[in-house]
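> sequence first, then the predicted structure, then my questions.
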Amino acid sequence: MVGVSDTSTAERTRAARRTVQDGTVRPAAGAWRRRQRVVLGIAGGVGLLVVWEAIARLGVVDARYLPPPTEVAGEFVRQLASASFWTALALTLRTWILGLVIVTVAGVVLGFVIGLSPFLRRYTTSTIEFLRPIPSVALIPLAVLVFGVRVESALLLIVYACFWQMLIQMLYGVRDVDPVAVDTARTFGLGWFARLRYVVWPSALPYLLTGLRLSATIALVLAITAELVIGVPGLGTSITLAQNGARVTTVYALTVATGILGLIINLLMRAVESRVLAWHSSVRGEAIV
Amino acid sequence: MKRVASTLLSTFALPVILIVIWFAATRQQTSAFVPEPVSLVKTFGEVWVGPAFTEQVVPSLIRLAAGLAGAIVVGIGLGLAVGYSRVLRDLLEPVLEFFRALPAPVLIPVLMLLIGIGDAMKITVIVIGCMWPILLNTVDGVRATDSVLTETARSFGFTGVSRFRYLILPAAMPRIMTGVRQALSIGIILVVISEMFAAVSGLGYQIVVFQRTFKIPEMWSGIVLLAIIGLVLALLFALVEKVVLRWYRGQREVENRGG
């Protein structure tokens, strides 16, 4: 039973963990079945490209606005050979990483501070629940006024959007600590800091990583948004430049590039998660649901 | 009685403190960037109450609603098919992974090329951007259908449409609602930035106009309005979810009590 309806984030986290587990640690499937998956997967991808090529070549959609994938692929390769593409990519990645670092540090510190104190937890809930659903794009005009096209504009959006995600995961993680483990640690004479390090931290770690994985995706979306809408330098700005210069094929090639970037980030975060949590039962995969 | 008072205290203490700090901090300053609470409320009334609401806010909300409705229909439809058929799942998995990873805002320039800058573009962007969380959650939900229920439905001869209607759709519903919740926040982002990008009406457009003409209090009132819309939609969603998943909550409670 996969239960995810509740507003409870703990439940959602557990379900999310289970999904990860479902995606990465499948019960051993037959080699034949695996081959079938690969073959069909490739067929699906190729099929999509063929349909796209046909639509473009047969003139169903004006070829000026929808170049065929063969041309987009050529442009994509040209982009890979150009320095400006890599500069833009590096800028986007820098924004992304900076945003994630700030969010992680802020989320973890405040998560521990608020989560470990029942008083603070009780008195901050209403404010957190009020601020959380505010869409971060509402801050775009403010970012433009205060920071202009500097990287801080993008960071403001990223941090606002991801911070709540991270904080809430941490609050649930800190609360998820097994009270018996805490009492045991106390009995064995572990001090406050040692308990934090050896009991609370490991319990909260899976939640932290779930928060990080969700934040990684959101941060990329908002980094690209800031580049497209505000003009913070990066891949998004390259796309608007290409669009303004009517270089349609370049727009498509760069769009595909951001998709691939997103894909790599997803795979990376999943790998980090299963690596860091290799000891954790949800990843060890012993308890297959 | 005492408990009610203490709940009220813990709910309102921090917000009240923050508002008081805001009042105190903006009392004698003249920074153009930071609004002062009283004038913000006044500007909010002047700017958004009246014709501006129907001219700027309602079109945005209609686009959002149309886009979300489209995303829900397409997402659940495709999700049921993909979740149900293993061949279809194998065939589409890499393609779906790619589109899920594609940051939705980059679709705006592409769709502007393909279908112009009208309402059709904005609604299509929302449909395409919001579809993935719903679709992927539906697929997971369908796949996680309880095997005892599946067998029972088979024994009782549920086939075709009734199988989807009475077994698969309800089983996937909790996950579908999770997907819709994620889609809701993506939808708000997309409607606002597609209007900032290319529009002559709508909330996103109006806020950018205020910002470009340095009407700072008006711009802040727009930010507040977006915040209110975000909050109201979150509350509405919680309400809908409560109704749609009432049976599920009850079931969970019974299970939890039993376990």
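Nice, thanks for sending it over. Residues are numbered from 1 along each chain as shown, chains lettered A, B, ... in the order given.
> how about the helix or strand containing A:Leu214 and chain B, any contact?
Here A:Leu214 sits within helix A:201-225, counting by DSSP states H and E. Yes - against chain B, helix A:201-225 shows contacts by Cβ under 8 Å from any Cβ of the partner chain at A:Leu220, A:Val221, A:Ile224, A:Thr225. C-beta here means a position set from N, CA and C on the backbone, and glycine is covered the same way.
> tell me how far A:Tyr123 lies from chain B.
5 Å (Cβ to the nearest Cβ, to the nearest Å).
> contacts only, for that residue.
By Cβ atoms under 8 Å, 6 or more residues apart in numbering or on different chains, the contact list for A:Tyr123 reads B:Ser10, B:Ala13, B:Leu14.
> which one of those is nearest to A:Ile158?
Among the contacts of A:Tyr123, B:Leu14 lies closest to A:Ile158 (Cβ to Cβ), at 24.7 Å.
> which helix or which strand is home to the closest one?
helix B:2-25.
> average pLDDT for that helix?
The average pLDDT for helix B:2-25 rounds to 84.
> same check, this time on stretch A:226-234
pLDDT averaged over stretch A:226-234 gives 92.
> just to revisit the earlier point, quick one: which of the contacts of A:Tyr123 has the most company?
Highest neighbour count within these: B:Leu14, with 18 neighbours (other Cβ atoms under 10 Å in any protein chain shown).
> quick one: contacts for that one?
By Cβ under 8 Å, 6+ apart, the contact list for B:Leu14 reads A:Tyr123, A:Thr124, A:Ser126, A:Thr127.
> how far away is the most centrally placed residue in chain B from chain A?
What sits nearest the mean C-alpha location of chain B, by Cα atoms, centre = their mean, is B:Leu184, with 1.1 Å. Distance, B:Leu184 to chain A, by Cβ to the nearest Cβ: 9 Å.
> thinking B:Ser221 is in contact with B:Ala52, fair?
No - with contact defined as Cβ atoms under 8 Å, B:Ser221 does not count as touching B:Ala52 (10.2 Å).
> who has more neighbours, these two?
B:Ser221 (24 against 15).
> three-state assignment of B:Pro35?
coil (DSSP: H, G, I helix; E, B strand; the rest coil).
> next one: the one 3 residues further on
When the structure is reduced to helix, strand and coil (three-state DSSP), B:Val38 reads as helix.
> distance check, it against B:Val20.
As judged by Cβ to Cβ, to the nearest Å, B:Val38 and B:Val20 stand 13 Å apart.
> now the helix or strand harbouring B:Phe99, how far from the centre of its chain.
Element membership for B:Phe99 (DSSP H and E) is helix B:86-101. Relative to its parent chain, helix B:86-101 has a centroid offset of 24 Å by Cα atoms, centre = their mean, to the nearest Å.
> for residue 166, which residues are in contact?
No chain was given, so I picked chain A. A:Val103, A:Thr104, A:Ala106, A:Gly107, A:Val108, A:Gly111, A:Leu208, A:Gly211, A:Leu212, A:Ser215.
> nope, chain B
Residues in contact with B:Tyr166, defined by Cβ under 8 Å, 6+ apart, are B:Ala153, B:Phe158.
> just to revisit the earlier point, quick one: which of the contacts of B:Leu14 is nearest to A:Leu196?
Set against A:Leu196, the nearest of the contacts of B:Leu14 by Cβ to Cβ is A:Thr124 (19.7 Å).
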